[in-house]
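**Q** here is the input, now give the coordinates:
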Amino acid sequence: MAVGGGLAEAAPAVRAAYLDRPPQDEVIYFVLPDRFANGDTANDRGGLAGDRLKTGFDPTDKGFYHGGDLAGLTARLDYIQGLGATTIWLGPIFWNKVVQGPPGQESAGYHGYWITDFTDVDPHFGTRAQLKTLVDAAHARGLKVYLDIVANHTADVIQYRDCPVAGCDYRSKADYPFVRQGGVAGAAINDGFLGDQAERRTAENFARLTRPDFAYRPYVPKDEASVKKPAWLNDPIWYHNRGNSRFTGESSTYGDFSGLDDLATENPRVVQGFIDIYGQWIDDFGIDGYRIDTARHVNPEFWRAFVPAMLARAKARGIPNFHIFGEVAETEPGMLARFTRVDGYPAVLDFAFQGAVADVVNGKAGTDVLAHLFAQDALYEGGEAATLQLPTFLGNHDMGRIGHFVRLARPEASDEEITRRVLLAHALLMFTRGVPVLYYGDEQGLVGEGGDKDARQDMFATTVAAYAADRRVDGGSAAGDHFATDGALYPAISAMARLRTAEPALRRGRQVVRAAGDKPGLFAVSRMAEAREVLVAFNTGLTPITAQVEVDATSKAWRSAHGSCAAAATAPGSYRVEIGPLDYTICVSETGQ
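**A** Have a look, this model is predicted:
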């Protein structure tokens with residue numbers, strides 16, 4: 001129902017604008033909802049009673065729920081949009097197992113990766129209605145929302161009766177074939193099952209796989225017999241049940257990830273089940289993309305069915321630019337590219353970029369490291385043009401923050417120098433090829449003491465002693481909340497994001513490396529698009545740079561978008577740049593191409 005002519009007319013225009021943006025136009029803000037903003041204290045314990053091992057809630061412990069939720073995130077959309085972000089990547093919001101871990105080593109599912117119910121929102125974060133409110137509010141502003149999803153595993157529910165005290169080590173298909181119970185000398189089971197090789201992945205063949213006790217004897221504890229949803233997920237037959245992964249060889253795709261129940265994604269029932277699950281979230285909420293966790297631990301054939309199905313589902317829902325990218329924790333471009341060529345991913349998180357930028361901005365490597373990285377862009381499916389859709393990042397919730405990497409590498413540096421190096425890293429993130437991902441809190445200078453729990457600080461005033469005692473990038477205290485829009489980083493990153501959004505060449509332009517060296521110093525790229533050349537030149541060294549950089553011969557007249565830029569080329573094809581220490585310039589020629 002229209003509630004006013006102006007509003008009714010404006011809303012479709014905003015909606016159309018965000019729907020028409022291709023993935024490479026986005027600036028993504030990645031947030032863990034539990035650590036961002038607490039909008040509703042009534043859901044802090046997820047509707048549960050008892051101590052922290054029952055409710056998962058302990059805001060003084062970095063491994064438990066702290067109270068952040070969807071309502072809090074919705075209330076802070078101004079802050080996120082003010083940073084220049086155009087998309088929110090939301091850490092998993094599905095219903096999780098509350099607490100896992102052996103006695104004395106328990107932690108909670110605050111991060112969202114221990115899913116039991118794939119059909120509902122975890123009550124610690126809120127409700128489906130509150131998720132819809134968030135997505136609708138974001139869309140009304142022209143912001144997109146990506147969900148973080150998991151298909152490799154569920155929470156750790158399935159147990160093994162014959163697991164050794166030392167742990168459930170991986171048991172291979174050769175030593176423990178599907179058709180023998182407990183090893184090659186065991187009793188015959190699963191008569192007629194011909195294995196799960198790609199050519200045998202039919203419903204008819206898998207109908208003969210009726211017993212899951214080929215490697216271990218799996219069982220589900222009585223009090224968790226129906227904890228998973230959809231209900232079919234409660235049957236061990238849909239899992240590999242081969243013990244803990246060694247993260248090499250066969251075990252990388254068949255083993256349990258630190259005990260988490262590893263799904264048999266070769267089985268056509270599992271494939272269709274997850275297409276149905278995640279297709280429904282697109283239908284119900286009109287979300288704009290999926291980041292896929294643990295992508296490398298699932299067989300390629302699963303993704304070659306799942307990815308096209310999600311893109312088709314989104315298109316049918318009226319979402320033509322649905323973005324899908326996988327997490328492949330690999331720093332070699334060739335291995336990353338494999339997942340676009342073999343597994344069929346449109347994009348993967350660019351871990352190679354993260355490693356190269358960290359080394360370069362720390363001054364521990366020459367800028368030729370970046371040139372070498374970008375020279376391998378042709379390896380991706382679709383070639384160099386496809387790398388415009390690769391999400392690039394400086395740090396994350398698993399590995400740690402860019403501020404931590406810089407401070408660790410430069411312990412002797414002043415707070416001012418650390419800040420400038422962190423800002424330079426963000427400039428490389430924003431203005432070279434790829435889709436920049438900002439990790440929540442980096443814009444506030446949060447540093448942390450490492451990866452995982454040490455990089456998952458609260459944005460609201462924390463009661464975790466280690467978080468409060470931390471020093472921010474600029475040397476300030478990390479106590480109190482972190483939503484100020486002034487300071488050393490937020491305004492500068494916001495300005496970068498807005499410049500990128502305003503200049504098509506910085507989002508979609510073909511990238512040409514213009515200058516690099518084997519020591520800290522000059523790195524320059526041209527971004528070529530829409531009859532213009534944008535030259536971005538960085539100085540990773542501690543002394544000023546004056547240099548001639550090759551440009552297109554038709555790029556004669558120039559203007560400054562950031563820093564000091566000469567008004568004209570020195571000669572056809574040659575342009576003079578002057579860059580201060582740990583700084584960058586962006587110069588635009590309207591006549592280049």
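**Q** name the next helix or strand following the least confident helix or strand in the chain by mean pLDDT along the chain.
**A** Here the helix or strand of the chain ranked lowest by mean pLDDT, DSSP states H and E is helix 5-20, holding a mean of 58. Next helix or strand after helix 5-20 toward the C-terminus (DSSP states H and E): strand 28-31.
**Q** that following strand pairs with which strands, and in what direction?
**A** strand 87-90 (parallel), strand 435-439 (parallel) (DSSP bridges).
**Q** for the helix or strand just after the longest one, list every residue counted as buried.
**A** Spelled out, it's strand 435-439. Stepping forward along the backbone from strand 435-439, the first helix or strand reached (DSSP H and E) is helix 465-469. The neighbour-count check on helix 465-469 (16 or more other CB atoms under 10 Å) flags Tyr467 as buried. Heads up, the C-betas are built off the backbone N, CA and C, glycines and all.
**Q** mean confidence score for helix 465-469?
**A** For helix 465-469, mean pLDDT is 98.
**Q** do the same with stretch 245-258
**A** Throughout stretch 245-258, pLDDT has a mean value of 97.
**Q** distance between the ends of that stretch?
**A** Distance between the two ends of stretch 245-258: 7 Å, counting by CA to CA, to the nearest Å.
**Q** which residues does that stretch contact?
**A** 152-153, 156, 168-170, 172-173, 240, 242-244, 262, 265, 294, 296-299 (CB atoms under 8 Å, 6 or more residues apart in numbering).
**Q** can you check stretch 68-81 too?
**A** 29, 31-40, 43, 88, 90, 93, 121, 124-127, 130-131, 133-134, 137-138, 141, 143, 458-460, 483, 485.
**Q** that older thread, redo the strands paired with strand 28-31 as a markdown table? Include mean neighbour count, distance to Ala347 and mean pLDDT.
**A** Output for the strands paired with strand 28-31, formatted as a markdown table (neighbours: other CB atoms under 10 Å; distance: least, CB to CB, whole Å; pLDDT from 0 to 100):
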| stretch | mean neighbour count | distance to Ala347 | mean pLDDT |
| --- | --- | --- | --- |
| strand 87-90 | 25 | 13 | 98 |
| strand 435-439 | 25 | 8 | 98 |
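**Q** for Gln105, find the nearest of the ones you listed.
**A** Closest of the strands paired with strand 28-31 to Gln105 is strand 435-439, at 26.5 Å (criterion: CB to CB).
**Q** just the C-alpha atoms of that closest one, please, in PDB.
**A** Written as PDB, here are the backbone C-alpha positions of strand 435-439 (Å, rounded to 0.1, in the frame of the first residue of the first chain):
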ATOM      1  CA  VAL A 435      36.100  -5.600  -4.700                       C
ATOM      2  CA  PRO A 436      37.400  -4.100  -1.400                       C
ATOM      3  CA  VAL A 437      36.300  -5.800   1.900                       C
ATOM      4  CA  LEU A 438      36.500  -3.700   5.000                       C
ATOM      5  CA  TYR A 439      36.700  -5.800   8.200                       C
END
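**Q** just to revisit the earlier point, mark which of the contacts of stretch 245-258 are buried, thanks.
**A** Of the contacts of stretch 245-258, these count as buried by 16+ other CB under 10 Å: 152-153, 156, 168, 170, 240, 242-244, 262, 265, 294, 296-299.
**Q** quick check: Asn43 vs Gly72, distance?
**A** Distance, Asn43 to Gly72, by CB to CB, to the nearest Å: 10 Å.
**Q** ugh, wrong one, Glu578
**A** For Glu578 relative to Gly72 (CB to CB), the value is 45 Å.
**Q** more neighbours, the two?
**A** Between Glu578 and Gly72, counting by other CB atoms under 10 Å, Gly72 is the more crowded of the two (22 against 16).
**Q** just the CA coordinates for the helix or strand containing that one, please, in CSV.
**A** For Gly72, the host element (DSSP H and E) is helix 70-75. This file holds the C-alpha atoms of helix 70-75, laid out as CSV (Å, rounded to 0.1, in the frame of the first residue of the first chain):
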residue,chain,number,x,y,z
LEU,A,70,20.4,-7.9,14.1
ALA,A,71,18.5,-5.1,15.8
GLY,A,72,21.8,-3.4,16.8
LEU,A,73,23.1,-3.7,13.3
THR,A,74,20.0,-2.2,11.8
ALA,A,75,20.3,0.7,14.2
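**Q** moving C-terminal of it, what's the next helix or strand?
**A** As assigned by DSSP H and E, the chain's next helix or strand after helix 70-75 is helix 77-82.
**Q** so Val588, which state does it fall into?
**A** Following DSSP: H, G, I helix; E, B strand; the rest coil, Val588 is assigned to strand.
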